[in-house]
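Novice: A structural model of the following input is requested.
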Amino acid sequence: MASATDSRYGQKESSDQNFDYMFKILIIGNSSVGKTSFLFRYADDSFTPAFVSTVGIDFKVKTIYRNDKRIKLQIWDTAGQERYRTITTAYYRGAMGFILMYDITNEESFNAVQDWSTQIKTYSWDNAQVLLVGNKCDMEDERVVSSEKGRQLAEHL
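Specialist: Predicted coordinates:
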């Protein structure tokens with residue numbers, strides 16, 4: 001899919017296949033935590049307030065430049081529903097990193113983080129990096145999971 005352009009961060013538009021590094025990253029977490037919105041905001045700098053549930057798995061490609069190196073990011077957006085779990089875990093293999101996401105306004109999504117972490121350990125390689133993200137920070141007045149609880153969980157994982 002399209003790569004993003006943003007000169008502030010050294011990112012350039014490019015459609016050819018030459019790159020120095022390529023990283024496969026998966027965004028995982030419960031349904032409705034904002035994985036797709038997060039991906040669209042990062043990859044395309046777009047936002048759609050309407051909720052559209054991901055069916056199975058989808059991905060976007062973003063090319064960035066760091067230290068004179070061209071880095072291709074394949075960012076996979078996974079469905080959070082249980083019925084797609086066997087499909088999405090097949091994509092864990094070969095992933096260099098995971099964005100493990102929960103919704104700060106939804107305690108159930110936070111409580112599920114440990115299960116998602118176990119899946120990462122079960123289906124991916126040992127050195128995969130995991131970034132825990134508390135999403136929907138624009139809804140601070142509806143927050144039910146404190147920043148401190150998020151930090152504590154991140155240290156525990």
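Novice: so how far is residue 57 from the residue most central in space within the chain?
Specialist: Nearest to the mean C-alpha position of the chain, by CA atoms, centre = their mean, lies residue 27 at 2.7 Å. Distance, residue 27 to residue 57, using CB to CB, to the nearest Å: 10 Å. Glycine gets a C-beta too; all of them are placed from N, C-alpha and C.
Novice: so what's residue 33 scoring on pLDDT?
Specialist: Confidence at residue 33, expressed as pLDDT, is 94.
Novice: mind listing what it touches?
Specialist: Under the criterion of CB atoms under 8 Å, 6 or more residues apart in numbering, the neighbours of residue 33 are 80, 101, 102, 103, 106, 109, 135, 136.
Novice: how deep is the nearest residue to it once chain neighbours are set aside tucked in, by neighbour count?
Specialist: Here the nearest residue to residue 33 in space, its sequence neighbours aside, is residue 103; by CB to CB, 6 or more residues apart in numbering that works out to 4.2 Å. For residue 103, the neighbour count with other CB atoms under 10 Å is 24.
Novice: is it true that residue 103 touches residue 37?
Specialist: No - applying CB atoms under 8 Å as the test, residue 103 and residue 37 come out as separate, 10.9 Å apart.
Novice: any weak-confidence spans in the protein?
Specialist: By pLDDT under 70, the weakly predicted segments of the chain are 1-16, 46-47, 49-56, 80-88.
Novice: which stretches of it form strands?
Specialist: Under the criterion DSSP state E, the chain carries strands at the ranges 21-28, 57-66, 69-78, 97-103, 129-135.
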